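> after the sequence you'll find the predicted model.
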Amino acid sequence: MAAGYGAQAAIGGDSRTRDLIATVSAISNGLMNEVAKVIIGKNENLRRVTIGVLSNGNMLLEDFPGLAKTLLANTFARALGCKFKRVQFTPDLLPSDITGTYMYDQRAGEFKLRPGPLFSNILLADEINRAPPKTQAALLEAMEEKQVTIEGITHKLPAPFVVLATQNPIEQEGTYPLPEAQMDRFLLKMSMGYPDRAEEKAILARRKLRGKDDHDVAQITSPKKVVAMQKALETVHVDPAILSYFVEVVQRTREDHRIICGSSPRGSQNLFKSSRASAAIDGRDYVIPDDIKGIALQVISHRIVLKPEAKIRGITGMHITRKILSEVPVPVIQPA
């Protein structure tokens, strides 16, 4: 923890705020503990998804098949008490397949909306880069505006609404690369990674103990409480020095000679939101630099577009972001 952050009274809120954040922390940690009974050895990713849900942001999971991406999304939805839908994106998927369409009701003598899978709380967009651009555009509206337009009529989506999208890095044929505008809409991008030997053995041991393929997941909270927790993050204090730290990190992504374009202002806004969520999970009503450093790689790296020569040399957005974080001075707040 950075020096100067021990004096909570100097930078934190009143007792009511601290009680509110303590409640958010208790529910969030209960949620992660419940999901950890199913998803073994991925505690960092469980924290990241929890940060994404609290921040009301969308997440992109890029990894190889069979690494529990679908199971992660489904388990979180069940523990959150949220409505879960899964869409397998394919080259022939139409916008109406995910948004829904109006169908004629002969009894009522009128057209009625038949909602698509977008009308859910947690949407798993599986292999999102296989969908054609027109369908990706329909999803883009839902991700950004939390609404869909069907035949010229706009419909608000249920709250909360979070997209967990997946894509497999090794399958390039028949895919449509996600445009920069859509990549920028993801709060964070992460990978699951293979389990190590001990974790894989634990997975098998739990399967044997369960005696079935399905997992039992307890409901920890509800959609209404999730929305309340999202609003509670507005009470988390962010010092002006921390705001300057956000800006400096993002500005430096635009100044590196190896990139075509750096992070957009949405990157600094998402650092702001996700660091508040990180603080709340830890039971703090104020942000410290560790909150930013703990999530910045996943929030910023995918927004960086590298020059071809940098890609050839194996440089990634992760490399750029990691270097920036090591160079930008960490702010120190002096107690009042």
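Arrived safely, thanks for sending. Model, not experiment: these values are computed from the prediction.
> now do the contacts for I295.
By C-beta atoms under 8 Å, 6 or more residues apart in numbering, the contact set of I295 is R48, I51, L188, L271, S274, S275, S278. To be clear about C-beta, it is placed using only N, CA and C from the backbone, and glycine gets the same treatment.
> nearest spatial neighbour of L67, chain-adjacent residues omitted?
M192 (4.1 Å; C-beta to C-beta, 6 or more residues apart in numbering).
> M32 touches E44, doesn't it?
No - if you go by C-beta atoms under 8 Å, M32 and E44 don't touch, sitting 10.4 Å apart.
> what about the residue nearest to L67, how many neighbours?
Neighbours of M192 under the rule other C-beta atoms under 10 Å: 19.
> and it, its phi and psi?
Per-residue torsions, M192: phi -80, psi -50 (degrees, to the nearest 10).
> state the distance from it to I39.
9 Å (C-beta to C-beta, to the nearest Å).
> and what of E144?
28 Å.
> neighbour count winner among the two?
Set side by side, E144 and I39 show more neighbours around I39, with 21 against 14, by other C-beta under 10 Å.
> am I right that the more buried one is in a helix?
No - checked against DSSP: H, G, I helix; E, B strand; the rest coil, I39 lies outside a helix; its state is coil.
> not counting sequence-adjacent ones, nearest residue to it?
I39 sits nearest to L72 (C-beta to C-beta, 6+ apart), 5.5 Å away.
> neighbours of that neighbour, how many?
23.
> which residues sit in contact with it?
Neighbours of L72 in contact, by C-beta under 8 Å, 6+ apart: V35, I39, K42, N45, V49, L61, L164, M192.
> isn't the second one up against A68?
Yes - the criterion here is C-beta under 8 Å, and I39 meets it with A68 at 6.0 Å.
> in this protein, which helix or strand is least confident?
helix 8-11 (a mean of 45; mean pLDDT, DSSP states H and E).
> what about the helix or strand following that helix, average pLDDT?
Counting by DSSP states H and E, the next helix or strand C-terminal to helix 8-11 is helix 15-36. Averaged over helix 15-36, pLDDT sits at 94.
> all numbers from here: first residue = 58
Done: numbering now begins at 58, and the last item shifts to helix 72-93.
> with just CA atoms, put helix 72-93 into CSV.
The C-alpha coordinates for helix 72-93 follow below in CSV (Å, rounded to 0.1, in the frame of the first residue of the first chain):
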residue,chain,number,x,y,z
SER,A,72,-19.7,6.3,8.7
ARG,A,73,-22.8,5.9,6.6
THR,A,74,-20.7,5.6,3.4
ARG,A,75,-18.3,3.2,5.1
ASP,A,76,-21.3,1.0,6.2
LEU,A,77,-22.6,1.0,2.7
ILE,A,78,-19.3,0.0,1.2
ALA,A,79,-18.9,-2.7,3.9
THR,A,80,-22.1,-4.2,2.7
VAL,A,81,-20.9,-4.1,-1.0
SER,A,82,-17.7,-5.8,0.2
ALA,A,83,-19.4,-8.5,2.1
ILE,A,84,-21.8,-9.4,-0.8
SER,A,85,-18.9,-9.2,-3.4
ASN,A,86,-16.6,-11.5,-1.4
GLY,A,87,-19.5,-13.9,-0.7
LEU,A,88,-20.2,-14.0,-4.5
MET,A,89,-16.5,-14.7,-5.3
ASN,A,90,-16.3,-17.4,-2.6
GLU,A,91,-19.5,-19.1,-4.0
VAL,A,92,-18.2,-19.1,-7.6
ALA,A,93,-14.8,-20.3,-6.4
